[in-house]
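Chemist: Next one to model:
(2 chains)
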Amino acid sequence: MDPRQRPLLRRRLEVLRAFTWSLVAVLILVYALLQIVRHAEFKQIAMQQAVKVRPIAAPRGLVLDRSGQRLVDNRRALHLVIQREDLPSKPEVMSQLAAALELDPAALARKIQSYRLAGKGRPLVLKENLDEAGIAVAERVRSRFPFLSVEVAPRRVYLGDELAGHILGYVGEVDEPLMKAKPDLFHLGETIGKEGFEASGNDKLKGVDGQKRILVDQLGTEVANFGQVDATAGRSIYLTLDAGLQKIAQEAMGEEAGAVVVLDLRDGGVLAMYSSPSYDPNLFLNRLSQDMVDKYLANNLTRPMVNRPIQGIYAPGSTFKLLIALAALEKGIATPQTAIFCGGKKNYYGRDFRCDKASGHGTLSMVQAIAQSCDVYFYELASRLDIDDIHATAEKYGLTERTGIDLPQEKRTRIPSRAWKKKAAPRDPKWYAGETISVGIGQGAVGVTPIGLARFYALLATKGKLLTPHLFYGFRNDQSNQLEAAAYPPPKDTPLDPKHWATLDEGLAEVVQNGTAAANPFIREIAKLVPFSGKTGTAQVATFVDKAHYARQAKFLKDHALFAGYAPRDKPQIAYAVVVENAGFGSTAAAPVAAKLVKYWFVDRLKNPLPPPRGKLVDPFLPPPAPAVPE
Amino acid sequence: MKERFRALDKRLLWVLLMLIALGTLTLYSAGRNTSQANIWLKQSLWNGLGLGLILLLATTDPRRLFRYSFPAYLLGLLALMAVLVVGKKIGGSTRWFVIAGQTFQPSELMKWVTLLYLSQRLGSRPAETVGRLELLGAVGLVVFPMLLIQRQPDLGMALSFLPILLIIPLMKGLKARWIIALILFISVGGFTAWKFVLKPYQKQRVMIFLDPSSDLQGKGYQVNQSRIAIGSGGLIGKGFTSGSQTQLNFLPVKTTDFAFSVWAEERGFIGVLLALGLFGLLLDRIIDAARAAHTNAEAYFCAGAAGIFALHLLVNVGMVAGALPNKGMVLPFFSAGGSSTLSFFLALGLIMGSLHRSRVK
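Modeler: Reported below is the predicted structural model:
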């Protein structure tokens, strides 16, 4: 040991000692900063990544027909989702994810972006309704992207495929605009009704989502449940619809386009409402599939997405003659006994108006004119009426308003008037008397919805009661599984004179007994079983020089066939309106459809009810046996 | 045997036993409910072996070990070369020998062998007789194994050789203000360059150049989770085996590199104070040993050991708090691992021996 060096070395070691202690001090400061100054911040982050609130989707209520047959069912479906708090932030992770899931990266980025911007809500669904192969793919992808999870959620199944597509509608994820408009009511990723009763009855059908607070580990696996609020399933709903009658309507329409409406005269309940061609709501549950686009949306001339009974505006043709007769009786310009001569045509204001029967009907009373559907008789009545009288009568009997059916986007019936013309044709606002003549036989500017027409005939059947057609029958009592019928919209009374009514009623009965519809042997056969009433109508789509010319025309230029009425004649229970597009005469194309409905409702239904719609029935209120693999 | 116990320096022993206890508790909590549930037992075995080693070395004259330091150094160099050829590749680097199913990392031991050899080489004569060329040679003796280790690659380990060079200022002196100036220059200059001059991709390039296996994104995630663990621990911690970051596996590699975060999360700032205080006392006692040492060689060894322990402390504890770049350097007594534990205890045994000799005289 070199004694001269000792003090030097010791001093140097003291420097080292000071240095090590200051190092310890610096580390303590670093930890004090993290653990004391920034503690709250880190504590929150630690909580956020370990404690998650996950929503539990509530199943929507089932939709049943009036006898309890399921029209809409719930199944369990598996979706591949990302929980809100696990959204990846790095663009390269997103593009890798898109590649792994075979999604369009740009679309995925947009989706994530818009999802991120919106408020709280359900997880972001990347792939929905996974089938077996889809689950395998999802699990594989999940091993690389642990922030993904597979979620079990209720899924809608529409039984009967196209049976009642327009009525039931379908569900989907809430749109951004709607969500932004009503942020309190809707949250992101929520399933809401998009069309049909699913949309209009959304508030009735939807349940209350539950939620659970869970502890998750780094892989997102649930480690502990801190408690949950269970989802409350939506209540199941009975519709006034009768699945059997609906089926008859579907079969009777076949490949023809058109609309069928059958109303219950007791309360205005819709017993059948078929829009042809129909659509299968099941196809709308997944994101636009190419099949669906081809079938329903891409330039389809038959426009299957239009709900014809409430959105189709048709010239009522001769079915409108009842309103003209009523207007004439009420105005006092004609009586039931008023006799008018039909020579096949008549000249008004310098123009020939032809009757359908070129040889002429001869002299007819009002009842005969209705039964034979004589055009000249009603030209004459119209010529004695003012267009505003016709409009006023229509208004009095509810034909100018929407029926108020509980379905979205009902169109308004169009009954012309002077005021209407001013608005509709500002360049030529004057109403010409000649136009009134056409209106007399339900042509020209008149346009009605089948539901509006059916409601008018229901008014005739009930001697003046104005019903509100509706589909909501009541909720299902979850204990007894029985219908709890809801109050229906009360019918309004109208001042329909019983004497006037009697004339119209007789005329409508005559149509089937001896009039335009009686020529059809099938109609005569049914009328023998159930005496029913109705008025045929043939609405021109285009004008032709002669019948030979007409026969050569393309299908879409042919006349629309109509039939509207009620049954049975003496104690009416149902009213109906049938429109068959481009099918020719009302008596041959539309009246048989009505006759089939009448035969089913009053004869066959009581003998042997139809089997239930296809599909396995699963009660969403009971736990399903195993995770269902969607068909 | 009794003799041997009496030979132990009680102050150093208590600090040691406390740190071992803290580390064992940490590993118990970290391994809980994972595939490493028994890691605390395994580590206790290493700690036991290490304590035995200390007991053995406490009564051994350090000079007997210094005698073997040159052949040991040569053997160490051979081992470092051999591991590059026949070593086991784990996670992109070749650092380990596999002997009877047990991995052994030669670089851990080599660090202490190099320190031992250099202390002996430079401390066997009066300091002023050591010329500049010889000092340069000594630097070369440290840098050569560092380069071999960087070939593995293992930057953290290579850097942990640097405190050995502390011997030189101890010998030749370095005005205190020079040291301070150097530290300031390196820290301020390095910090400024890192924060303001270098662009992110340049930093990444530097990191990748220094350590090709580094994955900034992956490690960024790790450090972030570690900071959350530490910060959320707060003043008193979440309680033993109750740290959410630890127990729910948000905290990565929690039995080795990030073991200190487990302690910080579950025992809070108070626990951190305790652990850092114990480390401070450990370093303090090692410096005491250097002061009291009979020979320069022993003093150099103890001072170098203090430097190595301090560097491990700084880099590991600083890194898990996100205050230093992510360089894998284990924390003595906390991080599980056989090679490093035995190596640390070997050094502590030598220090014990030196302390004993200085007392007995």
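Chemist: Around chain B, which positions in the stretch 201-350 of chain A sit nearby?
Modeler: A:215-219, A:223 (CB under 8 Å from any CB of the partner chain). Every residue, glycine included, has its C-beta placed from N, CA and C.
Chemist: Quick check, central residue of the chain?
Modeler: As the question left the chain open, I've gone with chain A. The residue at the geometric middle of chain A, judged as the C-alpha nearest the mean C-alpha position with CA atoms, centre = their mean, is residue A:196 (1.6 Å).
Chemist: meant chain B actually
Modeler: Against the mean C-alpha coordinate of chain B, by CA atoms, centre = their mean, the closest residue is residue B:312 at 4.0 Å.
Chemist: Which helix or which strand is home to that residue?
Modeler: The secondary structure element spanning residue B:312 is helix B:296-320 (assigned by DSSP states H and E).
Chemist: gap between that helix and the chain center?
Modeler: Computed by CA atoms, centre = their mean, to the nearest Å, the separation of helix B:296-320 from the middle of its chain amounts to 7 Å.
Chemist: Which other helices and strands does that helix contact?
Modeler: helix A:5-32, helix B:62-67, helix B:106-123, helix B:155-159, helix B:167-172, helix B:216-233, helix B:259-292, helix B:338-360 (3 or more CB pairs under 8 Å, 6 or more residues apart in numbering or on different chains; DSSP states H and E).
Chemist: Kindly check the end-to-end length of stretch A:569-580 for me.
Modeler: End-to-end span of stretch A:569-580 (CA to CA, to the nearest Å): 23 Å.
Chemist: Give the rounded mean pLDDT of that stretch.
Modeler: Stretch A:569-580 comes out with an average pLDDT of 93.
Chemist: Could you pull out the buried residues of that stretch?
Modeler: A:569, A:572-580 (16 or more other CB atoms under 10 Å in any protein chain shown).
Chemist: Return, as residue ranges, the portions of the stretch 101-250 of chain B with sub-threshold pLDDT.
Modeler: In the predicted model of the stretch 101-250 of chain B, residues B:174-178, B:193, B:197-199, B:201-202, B:204-220 satisfy pLDDT under 70.
Chemist: Nearest to chain A: which residue in it?
Modeler: Relative to chain A, the nearest point of the stretch 101-250 of chain B is residue B:231 (2.6 Å; CB to the nearest CB).
Chemist: What's the separation between that residue and residue A:218?
Modeler: 17 Å (CB to CB, to the nearest Å).
Chemist: so where's the stretch 51-200 of chain A uncertain?
Modeler: Judged by pLDDT under 70, the stretch 51-200 of chain A has its weakly predicted residues at A:89, A:117-122, A:179, A:183-189.
Chemist: Going along the chain, name the helices of it.
Modeler: A:91-101, A:105-117, A:132-144, A:165-168, A:176-181, A:196-200 (DSSP state H, counting those that start in this stretch).
Chemist: Straight-line length of stretch B:144-162, end to end?
Modeler: Terminal residues of stretch B:144-162 are spaced 12 Å apart (CA to CA).
Chemist: buried set for the lengthiest strand in chain A?
Modeler: When secondary structure is assigned using DSSP state E, the longest strand within chain A turns out to be strand A:70-82. Applying a neighbour-count criterion of 16+ other CB under 10 Å, one finds A:70-82 buried in strand A:70-82.
Chemist: Would you check that residue A:478 makes contact with residue A:235?
Modeler: Yes: contact between residue A:478 and residue A:235 holds when scored by CB atoms under 8 Å: they sit 7.2 Å apart.
Chemist: ok, those two, which is more surrounded?
Modeler: Here residue A:478 and residue A:235 are set side by side on neighbour count (other CB atoms under 10 Å in any protein chain shown), and the busier one is residue A:235, at 18 against 13.
Chemist: what about the more buried one, distance to chain B?
Modeler: Relative to chain B, residue A:235 is positioned 40 Å away (criterion: CB to the nearest CB, to the nearest Å).
Chemist: my guess is that residue contacts residue A:59, does it?
Modeler: No: contact status for residue A:235 versus residue A:59: not in contact, 10.7 Å apart, counting by CB under 8 Å.
Chemist: count of neighbours near residue A:87?
Modeler: By the criterion of other CB under 10 Å, residue A:87 has 16 neighbours.
Chemist: residues touching it, list them.
Modeler: Taking CB atoms under 8 Å, 6 or more residues apart in numbering or on different chains as the criterion, residue A:87 is in contact with A:112, A:115-116, A:124, A:147.
Chemist: distance of it from chain B?
Modeler: Summarising the geometry, the distance separating residue A:87 from chain B, computed by CB to the nearest CB, is 16 Å.
Chemist: Surely residue A:212 is in a strand?
Modeler: Yes: under DSSP: H, G, I helix; E, B strand; the rest coil, residue A:212 sits within a strand.
Chemist: Would you map the helices across the stretch 201-350 of chain A?
Modeler: A:202-205, A:243-253, A:290-292, A:308-311, A:321-331.
Chemist: Rebuild those as CSV, extending it with distance to residue A:593, mean neighbour count and mean pLDDT.
Modeler: Compiled in CSV, the helices of the stretch 201-350 of chain A are given as follows (distance: least, CB to CB, whole Å; neighbours: other CB atoms under 10 Å in any protein chain shown; pLDDT from 0 to 100):
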stretch, distance to residue A:593, mean neighbour count, mean pLDDT
helix A:202-205, 31, 18, 90
helix A:243-253, 4, 23, 92
helix A:290-292, 28, 12, 59
helix A:308-311, 13, 26, 94
helix A:321-331, 19, 24, 93
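Chemist: out of those helices, nearest to residue A:557?
Modeler: Each of the helices of the stretch 201-350 of chain A was scored for nearness to residue A:557 using CB to CB, and the closest is helix A:308-311 (18.5 Å).
Chemist: Show me the contact partners of the closest one.
Modeler: With CB under 8 Å, 6+ apart, helix A:308-311 has contacts from A:166, A:257-261, A:273-276, A:403, A:405, A:407, A:409-411, A:449-451, A:579.
Chemist: if we go to 6 Å?
Modeler: When contacts are defined by CB atoms under 6 Å, 6 or more residues apart in numbering or on different chains, helix A:308-311 is touched by residues A:259, A:261, A:273, A:275, A:407, A:410-411, A:449-451.
Chemist: Most widely separated two among those?
Modeler: Using CB to CB for every pair in these, the one that comes out farthest apart is A:273 and A:411, at 14.4 Å.
Chemist: out of the two, which sits in the busier spot?
Modeler: Of the pair residue A:273 and residue A:411, residue A:273 is the one with more neighbours under other CB under 10 Å, namely 30 against 17.
Chemist: Where do the strands of the stretch 201-350 of chain A begin and end?
Modeler: A:210-216, A:222-229, A:237-239, A:258-264, A:270-276, A:340-342, A:345-348 (DSSP state E, counting those that start in this stretch).
Chemist: Those strands into JSON lines, with extra columns for mean pLDDT?
Modeler: Written out in JSON lines, the entries for those read as follows (pLDDT from 0 to 100):
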{"stretch": "strand A:210-216", "mean pLDDT": "85"}
{"stretch": "strand A:222-229", "mean pLDDT": "83"}
{"stretch": "strand A:237-239", "mean pLDDT": "92"}
{"stretch": "strand A:258-264", "mean pLDDT": "95"}
{"stretch": "strand A:270-276", "mean pLDDT": "93"}
{"stretch": "strand A:340-342", "mean pLDDT": "92"}
{"stretch": "strand A:345-348", "mean pLDDT": "90"}
